[in-house]
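Visitor: Give the three-dimensional model of this entry:
(one chain, ligands or ions: 1)
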Amino acid sequence: MADPTKGVILITGSNRGIGLEMVRQLASSAATVIATCRRPDEADDLHELADAHTDTVDVLQLDVTDPDAISGARSMVEERYGALNLLINNAGVNGGGTADTFDHVDMETLMHTFQVNAAAPHIMTRAFASLLKAGAADGNSAVVNITSQLGSITNTKGRGTWQSYKASKAALNMLSRLEAHELRADGVVVVAMHPGWVQTDMGGSNARLTPEASVSGILDVVRSLSPDDAGRFLTHDGSELPW
Ligand code: NDP
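Guide: As a prediction, this is how the structure comes out:
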C-alpha cells in the first residue's frame, strides 16, 4: 500500500492536543491536511500552523456531533479534492474522567461520551467512505480511529473510574472492526489506534509521552499499514492490544 500520509488527510479535533500535533507533523509531507475543529475562531495555535503552511493546511469548522456539518465537510472535500486518503477520527471527550465511577455515572455523561467518542467517528467514516474508496483507487487509503487501551475489555479489572469513557472506547473498537470488514474489499484499511498515555489536556502532565513522540509513532505505524492490518487494535509503537 502506498503511504496515506502523503495524500489528502482529514483530522478531527485538530485545535489542540494530539490532533494539533498531527497537523504539525503532517503539514510538510501531506498533499493536504484538512484540519477540522469545533471553533476555528478560537484555534490560535492551529491558525498559526495553517499560516505557515498555506499550501497544505486547510482549516475547516466541524463539530463531529453535527450530522449536517459532517455532510457539509464531505461535500467540501469532494468538490475541492475528489478523494480522501486518510481519515483520522481523533476528537474525543473524557466523560466524567476520574469522577465517573459506578456510583456517580449519569445518563447525560454516558450519552454525550458515546456520541462524541463512538457514534461520531462511525458516522464520519460512513460519510467519507466513498471518498476513501476513491483514495484507495490511487493505492492508499486508511481510517485511523483514535481509541484507548482503556477501551480494552480484556484489560479492564476491578472497580473503575472513567466508566463512560471506557465503555465509549470499547464501542468505538467494535465499530472499527465493523468498518474494517465493510471497507476492506474496497482497499480502505481501518484500524483502532491507542496513542499511548500522552501529555495533553486529557492525558494530564504526568503522562508518559509527549504529543510529539506519540504522533511520530502513530504516523510511522500508519505509513507501514498493509491490507492485513485491517481491523487490528494497535498502539503508537505498532504493538497489538487485546480487545
Ligand atoms: P484533548 O482533550 O487535548 O483534545 C480533545 C480534542 O477533541 C479537542 O480538539 C476537542 O476540541 C476535540 N473535540 C471534543 N469534542 C468535539 C466535538 N464534538 N467535535 C469536534 N471536536 C471535538 O485530548 P487528546 O488530544 O489527548 O485526545 C485526542 C484523542 O486521543 C481522543 O480521542 C482521546 O480519547 C485519545 N486518547 C488520548 C490519550 C491521552 O493520554 N491523551 C490516551 C488514549 C486515547 P475543543 O477544543 O473544541 O474541545
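Visitor: switch to C-alpha atoms for all contacts and neighbour counts from now on
Guide: Will do.
Visitor: can you tell me if stretch 157-173 touches the ligand.
Guide: No - if you take Cα under 6 Å from any ligand atom as the test, stretch 157-173 misses the ligand, and the best it gets is 7.7 Å.
Visitor: what residue of this protein is the furthest out?
Guide: Relative to the mean C-alpha coordinate of the chain, counting by Cα atoms, centre = their mean, the farthest residue is Asp103 (30.1 Å).
Visitor: Point out the residues in the protein that sit beside the ligand.
Guide: Neighbours of the ligand within the chain, by Cα under 6 Å from any ligand atom: 12-19, 37-39, 62-65, 90-93, 116, 146-148, 194-203.
Visitor: what is the rounded mean pLDDT of the lengthiest helix in the chain?
Guide: Taking DSSP state H as the criterion, the chain has its longest helix at helix 163-184. Over the span of helix 163-184, the pLDDT mean works out to 97.
Visitor: Next step: the residues of the chain next to the ligand restricted to helices.
Guide: Secondary structure assignment by DSSP H places 17-19 of those in helices.
Visitor: if we can go back for a sec, among the residues of the chain next to the ligand, name the buried ones.
Guide: 12-19, 37-38, 62-65, 90-93, 116, 146-148, 194-200 (16 or more other Cα atoms under 10 Å).
Visitor: So which of these are in strands?
Guide: Among those, the subset assigned to strands under DSSP state E consists of 37, 146, 194.
Visitor: mind listing what Thr113 touches?
Guide: Neighbour list for Thr113: 93-95, 164-165, 168 [criterion: Cα atoms under 8 Å, 6 or more residues apart in numbering].
Visitor: which one of those residues has the most neighbours?
Guide: Sorting these by how many neighbours each has (other Cα atoms under 10 Å) puts Ser168 first, at 30 neighbours.
Visitor: Please report the distance of it from Arg208.
Guide: Distance check for Ser168 against Arg208: by Cα to Cα, to the nearest Å, it reads 23 Å.
Visitor: Show me the shaky parts of the protein.
Guide: 1, 158 (pLDDT under 70).
Visitor: how about the helices in it?
Guide: For the chain, the helices defined by DSSP H cover 17-26, 44-52, 67-81, 107-114, 120-137, 163-184, 211-223.
Visitor: circling back to that earlier point, which one of the contacts of Thr113 is nearest to the ligand?
Guide: Val93 (5.3 Å; Cα to the nearest ligand atom).
Visitor: quick one: the residue nearest to that closest one when sequence neighbours are not counted and Asn140, what's the gap?
Guide: Using Cα to Cα, 6 or more residues apart in numbering and skipping the chain neighbours, the partner closest in space to Val93 is Thr113 (6.3 Å). Distance, Thr113 to Asn140, using Cα to Cα: 31 Å.
Visitor: now the ones in helices among the residues of the chain next to the ligand in TSV, with distance to Arg223?
Guide: Formatted as TSV, those follow (distance: Cα to Cα, whole Å):
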residue	distance to Arg223
Gly17	21
Ile18	17
Gly19	17
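Visitor: of those, closest to Asp220?
Guide: Ile18 (14.8 Å; Cα to Cα).
Visitor: ok, the closest one - contacts?
Guide: Shown in contact with Ile18 (Cα under 8 Å, 6+ apart): 90, 198, 200, 211, 214-215.
Visitor: Now with 6 Å, please.
Guide: Each residue near Ile18 by Cα atoms under 6 Å, 6 or more residues apart in numbering is listed here: Pro211.
Visitor: now Ile146
Guide: If you count contacts by Cα under 6 Å, 6+ apart, Ile146 has them with 89-90, 193.
Visitor: again, only using 8 Å
Guide: If a contact means Cα under 8 Å, 6+ apart, then Ile146 has 88-90, 192-195 as its contacts.
Visitor: repeat for Gly19
Guide: Counting by Cα under 8 Å, 6+ apart, Gly19 has contacts 11-13, 90-91.
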